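> Can you look at this prediction? I've put the sequence above it.
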Amino acid sequence: MIRNYIKIAWRNLLRNKVFSAINIVGLSIGVAACLLITLFIIDETNYDKQIPNSDNIYRLTHFAVIEDIEGWGAHHSALMASTIHREFEEVENAGRLLDNELMYGAGSNEISLNELPSQYHEEHFAYADQAIVDIFDLEMVEGEASSSLIKPLTIIISESKAKKYFKNSTAVGQVMYLNGNKSEPYKITGVYKDFPKASNFNYKFLLTLKGVEFGEGEQTRWTQNNYFNFLQLKPATNIAAFEDKMTQVILNNYILPAFKNGGYDKFERLLRTSHLDLQPLADIHLRSKNIYDGQTHGDIRFVWIFGAIAFFILIIACINFINLSTAKSANRAKEVGLRKVIGSGRKKLILQFLVESMVITILAFGFGIVLAMLGLSFFNSISGKLLTLPWSTWYFIPSILLTALFIGMLAGIYPALYLSKFAPINVLKGALSKGAKSSGLRSSLVVFQFTISIILIVSTLIINNQMDFILNKEIGFEKDQVLQIHGVNMLGDRLTTFTNEIKQIQGVTQISNSDYLPIKGTKRNGNTFYNKEVMNADGVPSQAWIIDEGYLDTFGMHLNTGRNFDKNRATENESVIINQTLAEKFGMQNPLGKKILRGSRTYTIIGVVEDFNFESLQQEVGSIAMFYGNETTITSIKINTDNIPETLASIEHTWKAFVPNLDFRYTFMDESYANMYANVERMRKLIVSFAILSIFVACLGLFALSAFLVEQRKKELSIRKVLGASLHNLFKLLTTHFLILVVISIIIAIPISFFIMDNWLQDYAYKISISWEVFALSGILAILITMITISYHTIKAGLVNPIDSLKSE
């Protein structure tokens, strides 16, 4: 029986080639889009789940209210992990991890091996306790995991880096030097398997924390927070109860007394609003939006958005099948009537139509997988992923088959029920031909299709406008034609000589040495400052940057009042330049000459710089205090020339003269600035791509639907033409219904898209306003696309000779 139904289904496919092709193409595009987005979602939601015992590993975070603003952080004292491990029986292990480039050795370094002269730039360094190796259960390729970081000046490296530098020889026992510092030889004690691609811990080098201290007393001070803390809890621990218990014990017994003993009484109110929390390891990637940790993460909202897009594209393709099946019902009515007359029951007819639907769906899934394979490299390029189709997994093929059957049922059930209910007597009388010409359900589904498409068009336009706004907004500093040379710390005491030689190169106008730059990924240092002239005033959290005398001019920053740093003044180490925001938070109307406190040191304000955005435009301009200094790994050079390649070659030549064993590495600041918004740009490209696909699939259905409806009304159109109707009259007759549906779609889509995009824009402190022009343009585009799609068949019908349509009557 089933074999017979499959044969009939195949014959119907061949008999209705246009119908079949449009259904298969539309569904295959929907399947390909769904498959690619599903791979993306699986990758995003599986971060760090491959780590053994990940369900019991947590990152310690904290909540506090600062200046009436709620904030979350993830950095804690060097004492925190050991104290929690000692105090609470629920904790099996606790360890510290530090990857802040502010601390020497973390982040990126220039390395050399053994006594070889060559220097290599490497990134992804972090400091770690031995407990981190144990908690994450790192799989060692060489060395013993249990003792890999227990001694000072030891390091473990990833397998990929071991292969890069030591090929087939043993890495354990080799010596690595950081930044030319021969006084601290790091001995390689182990090689671990690289972290999975879907991991927040893409560290390639782990340095021991044994014997390390970042400043005098840093390891025994509760008031200095530099470390991520990871806890491994015993199974079945009540997390909420443990968080409350931990907060009470740690704050009251350790942190509050430490702040009071250090003279920080003003912090007591802040700490009373604080709470320690545990973030599951698997949540770090997608649920860290409001936690300040200095790292780049995904966003669970993007996962939901792309999941919804995949679902709607597939639904649009299914709607095509439903609409086309019901639209051509008159063509199948006599077949249904005859089958019922000769004894076929309704259940058998439903099964036959479902089999036809399944055949189309299975073919569409096959083509869809091929399209996904062809489009995977493009999808990876715009999503920033390295996804592959999981052919080797046990669940992939069964999932595809089950989904194909489910979609076939979903798309085919209504047409099967609709077609199988025809009464034989009505069919054979021809009473159903009129009923097939109009359908409230069909119209509703067309409205749904175009509503989704218009929402995607609006979203694309608004995201595009916001990106243009971000990249072109006045941000308080000049980012164009600023070249940044990396690794200048290797110059040592020759930095000043190097800087002076660079100044002599034609086209170089300004130069500055500082690691603190107004772009993401450079050094940050948060401190708390006090107005010395106001007793018992609350402290103001602020960034504390080290810059030189050329910094403001290199980046085109403007002093509102006061002066710049001067290297010839002996008192510059006691001076500070602040921004407008910090002056306002201190309540200073005339800041020059005023004193502020940073720890136990007093600084005199010598200048106030105009506010500039030093973080993403998702955040408001923060407070910043700038101090004089010249320790750096980055030299920034302002270039004013049309011949950038020649200037760049001259700079590289100078570099090679100073550091012949180290590659010349540089970036341009405008590119680094644009990279701050790489995630938004990827989202824009993905939404544009899927918007085009959804519109294309919807138009495919509209194209076929208009063809069938014109075919059903061809005799009516011929009679109208004989009676004097013009081509314009016929065109209007055929298109009005579709235009009404599109207008209804526009009306529905406008408030929905406004709500969605207005919520998205709330992430930005600086954003565009959503104007009516966006909705007008989206509506016009939808109407134009509709008119172009249905014009072919309507014009063709109007040009047909009436005799050809009426001669059979």
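Right, received. Where do you want to start? All values derive from a computational prediction rather than experimental measurement.

> and residue 647, what is it in contact with?
In this structure, residue 647 makes contact with 505, 506, 507, 508, 639, 641, judged by C-beta atoms under 8 Å, 6 or more residues apart in numbering. No exception for glycine: its C-beta is placed from N, CA and C like everyone else's.

> Quick check: the second one vs residue 440, distance?
So that's residue 506. Using C-beta to C-beta, to the nearest Å, one gets 75 Å for the distance from residue 506 to residue 440.

> quick one: which of these two has more around it?
Summary of the neighbour comparison: residue 506 and residue 440, criterion other C-beta atoms under 10 Å, with residue 506 having more neighbours (10 against 7).

> In this structure that one contacts residue 641, no?
Yes - shown here, residue 506 and residue 641 form a contact pair, counting by C-beta atoms under 8 Å, at 7.2 Å.

> For the stretch 51-200 of the chain, just list every one of the helices.
For the stretch 51-200 of the chain, applying DSSP state H, counting those that start in this stretch gives helices covering 80-87, 130-135, 159-166.

> looking just at contacts, which helices and strands does the shortest one meet?
In terms of contacts (3 or more C-beta pairs under 8 Å, 6 or more residues apart in numbering; DSSP states H and E), helix 130-135 is packed against strand 91-98, strand 205-208, strand 228-233.

> So for that helix, mean pLDDT?
Here helix 130-135 scores 96 as its mean pLDDT.

> And the contacts of stretch 491-500?
Taking contacts as C-beta under 8 Å, 6+ apart, the residues outside stretch 491-500 that touch it are 180, 488, 511, 513, 630, 632, 635, 654, 655, 658, 659.

> before we move on, what about stretch 587-596?
With C-beta under 8 Å, 6+ apart as the contact definition, stretch 587-596 has outside contacts at 529-534, 561-562, 576, 578, 583, 586, 602-608, 625.

> Near the residue nearest to residue 206 when sequence neighbours are not counted, how many other residues are there?
If you skip the residues right next to it in sequence, residue 206 has residue 128 as its closest partner in space, 4.6 Å away by C-beta to C-beta, 6 or more residues apart in numbering. Residue neighbour count, defined by other C-beta under 10 Å, stands at 29 for residue 128.

> Would you confirm that residue 128 contacts residue 201?
No - with contact defined as C-beta under 8 Å, residue 128 does not reach residue 201; the gap is 9.8 Å.

> Helix or strand with the lowest mean pLDDT in this protein?
The weakest-scoring helix or strand in the chain, judged by mean pLDDT, DSSP states H and E, is helix 424-429 (a mean of 60).

> Give the buried residues for the next helix or strand after it.
Heading C-terminal from helix 424-429, the first helix or strand you meet, by DSSP states H and E, is helix 440-472. Along helix 440-472, these residues count as buried under the neighbour rule (16 or more other C-beta atoms under 10 Å): 442-443, 445-463, 465-467, 470-471.

> Enumerate every residue touching residue 744.
With C-beta under 8 Å, 6+ apart as the criterion, the residues that contact residue 744 are residue 447.

> quick one: secondary structure of the nearest residue to residue 255 once chain neighbours are set aside?
The shortest distance from residue 255 to any residue that is not its chain neighbour, by C-beta to C-beta, 6+ apart, is 5.3 Å, and that residue is residue 222. Using DSSP: H, G, I helix; E, B strand; the rest coil as the criterion, the local structure at residue 222 reads coil.

> gap between residue 222 and residue 644?
The span separating residue 222 from residue 644 equals 50 Å under the rule C-beta to C-beta.

> what do you get for residue 20?
For residue 20, the distance to residue 644 equals 57 Å [C-beta to C-beta].

> out of those two, which sits in the more crowded spot?
Remark: of residue 20 and residue 644, residue 20 carries more neighbours, 20 against 13, as counted by other C-beta under 10 Å.

> Helix or strand: which one has the more buried one?
Secondary-structure element containing residue 20, defined by DSSP H and E: helix 17-45.

> For the residue nearest to residue 302 when sequence neighbours are not counted, give me phi and psi.
Spatial nearest neighbour of residue 302, chain neighbours left out: residue 683 (6.3 Å); criterion: C-beta to C-beta, 6+ apart. Taking degrees, to the nearest 10, you get phi -60, psi -40 for the backbone angles of residue 683.

> Surely residue 683 touches residue 301?
No - applying C-beta under 8 Å as the test, residue 683 and residue 301 come out as separate, 10.1 Å apart.

> Between the two, point out the one with more neighbours.
A count of neighbours by other C-beta under 10 Å puts residue 683 above the other of residue 683 and residue 301, at 21 against 13.

> So what's the residue count around residue 393?
By the other C-beta under 10 Å criterion, the neighbourhood of residue 393 contains 10 residues.

> For it, give its distance to residue 499.
With distances taken as C-beta to C-beta, residue 393 is found 56 Å from residue 499.

> hmm, back to that, any chance of JSON lines for the helices and strands packed on helix 130-135, columns mean neighbour count, distance to residue 316 and mean pLDDT?
Below are the helices and strands packed on helix 130-135 laid out as JSON lines (neighbours: other C-beta atoms under 10 Å; distance: least, C-beta to C-beta, whole Å; pLDDT from 0 to 100):
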{"stretch": "strand 91-98", "mean neighbour count": "21", "distance to residue 316": "46", "mean pLDDT": "96"}
{"stretch": "strand 205-208", "mean neighbour count": "24", "distance to residue 316": "49", "mean pLDDT": "97"}
{"stretch": "strand 228-233", "mean neighbour count": "24", "distance to residue 316": "44", "mean pLDDT": "96"}
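
> Any chance of CSV for those, columns distance to residue 26?
Conversion of those to CSV gives the following (distance: least, C-beta to C-beta, whole Å):
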stretch, distance to residue 26
strand 91-98, 49
strand 205-208, 50
strand 228-233, 48
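
> where does the residue nearest to residue 255 fall, phi/psi-wise?
The main-chain torsion angles of residue 222 are listed as degrees, to the nearest 10 and equal phi -80, psi -10.

> and it, how many neighbours?
Applying other C-beta under 10 Å, we find 20 other residues in the vicinity of residue 222.

> isn't it right up against residue 254?
Yes - Residue 222 is within contact range of residue 254, at 5.9 Å (criterion: C-beta under 8 Å).

> Quick check: neighbours shared by those two?
When contacts are counted by C-beta under 8 Å, 6+ apart, residue 222 and residue 254 are jointly contacted by residue 79.

> Residue 184: what's its closest spatial neighbour, skipping adjacent residues?
Counting by C-beta to C-beta, 6+ apart, residue 184 lies nearest to residue 153, which is 6.1 Å off, once chain neighbours are set aside.

> Quick one, grab the pLDDT at the residue positioned nearest the centre of the chain.
Among the residues of the chain, residue 679 comes closest to the average C-alpha position under C-alpha atoms, centre = their mean, at 4.0 Å. According to the predicted model, the pLDDT of residue 679 comes to 78.

> Phi and psi next, for it.
The phi and psi values for residue 679, taken as degrees, to the nearest 10, are phi -60, psi -40.

> how about the helices of the stretch 201-350 of the chain, start to end?
For the stretch 201-350 of the chain, the helices defined by DSSP H, counting those that start in this stretch cover 239-250, 256-261, 268-272, 300-327, 329-341, 346-383.

> between these, which one is nearest to residue 793?
Evaluated with C-beta to C-beta, the helices of the stretch 201-350 of the chain place helix 300-327 nearest to residue 793, the distance being 12.6 Å.

> Low-confidence ranges, the stretch 51-200 of the chain, go.
Residues of the stretch 51-200 of the chain that meet the criterion pLDDT under 70 lie in 65-70.

> and if we set it to 80?
In the prediction, the stretch 51-200 of the chain carries residues with pLDDT under 80 at positions 64-71.
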